[in-house]
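**Q** Okay, structure incoming, though there's no sequence with it:
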């Protein structure tokens, strides 16, 4: 085998798809079956939309014309110059990439990998050998730890929480709302669906964090939540991206 990709999320599948299009024999190991949801902003910048189109991947979503920053009465708007971005549910993006990878001949196996061995002929992981390995197994990568590449971090953790609301988007921009110690990212991902992600340094329920953004809370008043709250933690982030 030419390439083993550990991790079958969007990053791993895009890597596998590029490699398969270049003529390599590729296998992806992903321990979870089906499409996987997780807390993220779900917005694709124009460059990402173009890169996916070049791979023949066109996930459905909602066009984004730019980013608008909101802090109380203050507004700043930054329109995209290279064409529209796209708000896309992570599950929709994952499914589109998975379908394209399978169509390109990539093998996808549901298998966990905890260790890697390397020698002059390549790598061995998960019971197979390959000339090369790409670790795309997430923020808390077991492969990174197995290779001794993890390093301790002494930064304050940041918590990400995201929920979808059944609500018609009120803007074709990603909105970034600022409050003391937190930011909220609003991304339209479909004609009747808006994702609201909160990034903060403080633990607490999603509703409590949302209360720090009165204008946003007013926008969402009466809107039906379209699914549970998803969360993640990153101990490496000390400021918003």
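**A** Structure's in. What do you need? Nothing here was measured: the structure is a model prediction, and the numbers come from that model.
**Q** And for residue 82, the neighbour number?
**A** 10 (other C-beta atoms under 10 Å). Placement of C-beta: from N, CA and C, glycine included.
**Q** Need the pLDDT of the closest residue in space to it that isn't next to it in sequence.
**A** Excluding the flanking residues, the one nearest residue 82 by C-beta to C-beta, 6 or more residues apart in numbering is residue 46, at 4.3 Å. Residue 46 carries a pLDDT score of 97 in this model.
**Q** In this structure, where's the longest helix?
**A** Longest helix in the chain, counting residues (DSSP state H): helix 90-103.
**Q** ok, and what's touching it?
**A** Applying C-beta atoms under 8 Å, 6 or more residues apart in numbering, the contact partners of helix 90-103 are 8-10, 13-14, 16-17, 20, 28, 35-38, 40, 42, 44, 52, 55-61, 108.
**Q** Now with 6 Å, please.
**A** 10, 13, 16-17, 35, 37, 40, 42, 57, 59 (C-beta atoms under 6 Å, 6 or more residues apart in numbering).
**Q** quick one: average confidence on stretch 142-155?
**A** 78.
**Q** buried set for that stretch?
**A** By neighbour count on 16 or more other C-beta atoms under 10 Å, the buried set for stretch 142-155 is 142-144, 146.
**Q** Pick out the residue nearest the middle of this structure.
**A** residue 40 (5.0 Å; C-alpha atoms, centre = their mean).
**Q** Please determine how far the most far-flung residue of the chain relative to its centre is located from residue 162.
**A** The C-alpha centroid of the chain is most remote from residue 120, which lies 34.3 Å away (C-alpha atoms, centre = their mean). Distance check for residue 120 against residue 162: by C-beta to C-beta, to the nearest Å, it reads 45 Å.
**Q** just the helices in the chain please.
**A** Using DSSP H, helices in the chain cover 10-21, 46-54, 90-103, 142-146, 206-210, 214-220.
**Q** got the angle for the first one vs helix 90-103?
**A** Following axes from the mean of the first three to the mean of the last three C-alpha atoms, to 10 degrees, one obtains 20 degrees for the angle between helix 10-21 and helix 90-103.
**Q** Where does pLDDT dip in the chain?
**A** Applying pLDDT under 70 to the chain flags the ranges 153-154, 233-241.
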